[in-house]
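# predicted model and sequence follow; I will ask about them next.
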Amino acid sequence: MKPPVSVTITGAAGNIGYALVFRIAAGQMLGEDQPVILRLLEVPQAMTALGGVAMELEDCAFPLLHDVVLSDDPAIGFRDTNYAMLVGAKPRTKGMERKDLITENARIFSAQGKAINEHAARDIHVLVVGNPANTNTLIASANAPDINPANFTAMTRLDHNRAMAQIAAKTNHLVADVTRMTIWGNHSSTQYPDISHCLVDGKPVTDMVSMSWAIDHFTPTVQRRGAAIIDARGASSAASAADAAIDHMHSWILGTDEGDWVSMAIPSDGSYGIEPGLIYSFPVTCKDRSYEIVQGLEISDYSQEKMRKTEQELLDEREMIADLL
Ligand code: NAX
């Protein structure tokens, strides 16, 4: 058995947190040979509920779960931690503008970036789930100057998985047959789900579906899936979001399949002409706990326009929180 590693989850008493912690403790994220210590961070008013989550974790008697630490203090929550999943965030409330959401959350993520810089393991791997995820990541990373910016990522894997499921359903295949899906840009309605390079059973999906279906049906379905789930369930996606967070970390740490790639929002290195430093979703392959952007993909004029639009939204968001960078 390997020595245990620490995984910090913020917002652990929330909806996604509740769908996440048990699966990590069961070994589904880092492997069934990797013991874990869960460090669950919440706000003071959620500590009682968090205590209930901890009781249930205890009652599962997971062999891989070596310890559970509960705290509302970031200095304890991030102490020596190896992995952080930043899920806790302020939700958008009625009448709130996107700008207000961004500035409210900016405060949370700048404080957490500072705490990570001060207390976490130097090679910490960070996934931001809390929205606006890409810009929150930028803020956290900017406030953690001693940690490699490449170790701060945001989640677009839920969009990626949603896109794969739509393609599988449309072509009457299994999701396992779908490879090389790409989500470009922001985790927002400007994201660009791109099927130009996607394969189904090894063959181009562009030979199986029409461009008009892709533009008029597929793209808006993926972009608006979150809203459709809220309409149907009366609550936002939780199990699928937790599943995507597990997939993201699993791919990053344990690697992607040969010949395939996944989508991760990471600091742009200028690839595909995207502004360096923006947290932008790219197709990536992962190996040895790090990722590389898939290079050399042909980009059509249509794709170029969509990639620019979502880049512009991220530039605008960055402008709004410039004082925190
Ligand atoms: P909930 O409101 O159920 O849970 C959030 C939890 O975070 C609460 O328990 C709250 O007390 C805690 N929290 C708030 N501020 C905190 C802080 N400063 N430190 C620690 N904990 C804090 O929301 P939930 O449904 O779990 O969603 C969490 C976040 O994920 C939201 O921002 C949501 O928008 C975002 N999502 C992101 C997705 C993505 O693909 N990137 C998809 C799913 C989800 O919508």
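Now that the structure is in, tell me what you want to look at. Since the structure is predicted, the reported quantities are computational estimates derived from the model, not experimental observations. Numbers count the residues shown, from 1 in each chain.
# switch to C-alpha atoms for all contacts and neighbour counts from now on
Fine.
# near the ligand, which residues of the stretch 1-150 of the chain? Just list them.
10-11, 13-17, 41-43, 46, 87-91, 108, 129-131, 133 (C-alpha under 6 Å from any ligand atom).
# rerun that using 5 Å as the cut-off
By C-alpha under 5 Å from any ligand atom, the residues of the stretch 1-150 of the chain that approach the ligand are 10-11, 13-16, 42-43, 88-89, 129-131.
# as JSON lines, those with distance to residue 183, neighbour count and secondary structure would be great.
As requested, those are exported to JSON lines (distance: C-alpha to C-alpha, whole Å; neighbours: other C-alpha atoms under 10 Å; DSSP: H, G, I helix; E, B strand; the rest coil):
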{"residue": "10", "distance to residue 183": "25", "neighbour count": "28", "secondary structure": "strand"}
{"residue": "11", "distance to residue 183": "26", "neighbour count": "24", "secondary structure": "coil"}
{"residue": "13", "distance to residue 183": "29", "neighbour count": "25", "secondary structure": "coil"}
{"residue": "14", "distance to residue 183": "26", "neighbour count": "19", "secondary structure": "coil"}
{"residue": "15", "distance to residue 183": "25", "neighbour count": "18", "secondary structure": "helix"}
{"residue": "16", "distance to residue 183": "22", "neighbour count": "23", "secondary structure": "helix"}
{"residue": "42", "distance to residue 183": "30", "neighbour count": "23", "secondary structure": "coil"}
{"residue": "43", "distance to residue 183": "32", "neighbour count": "16", "secondary structure": "coil"}
{"residue": "88", "distance to residue 183": "23", "neighbour count": "25", "secondary structure": "coil"}
{"residue": "89", "distance to residue 183": "23", "neighbour count": "22", "secondary structure": "coil"}
{"residue": "129", "distance to residue 183": "16", "neighbour count": "26", "secondary structure": "coil"}
{"residue": "130", "distance to residue 183": "18", "neighbour count": "24", "secondary structure": "coil"}
{"residue": "131", "distance to residue 183": "17", "neighbour count": "24", "secondary structure": "coil"}
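# and those, which is closest to residue 243?
Closest to residue 243 out of these is residue 16 (9.2 Å), distances taken as C-alpha to C-alpha.
# please name the nearest non-neighbouring residue to the closest one.
Among residues not flanking residue 16 along the chain, residue 238 sits closest, at 4.6 Å (C-alpha to C-alpha, 6 or more residues apart in numbering).
# could you report the separation of the one you found from the ligand?
6 Å (C-alpha to the nearest ligand atom, to the nearest Å).
# what's the local residue count around that residue?
Residues lying near residue 238 (other C-alpha atoms under 10 Å) number 17.
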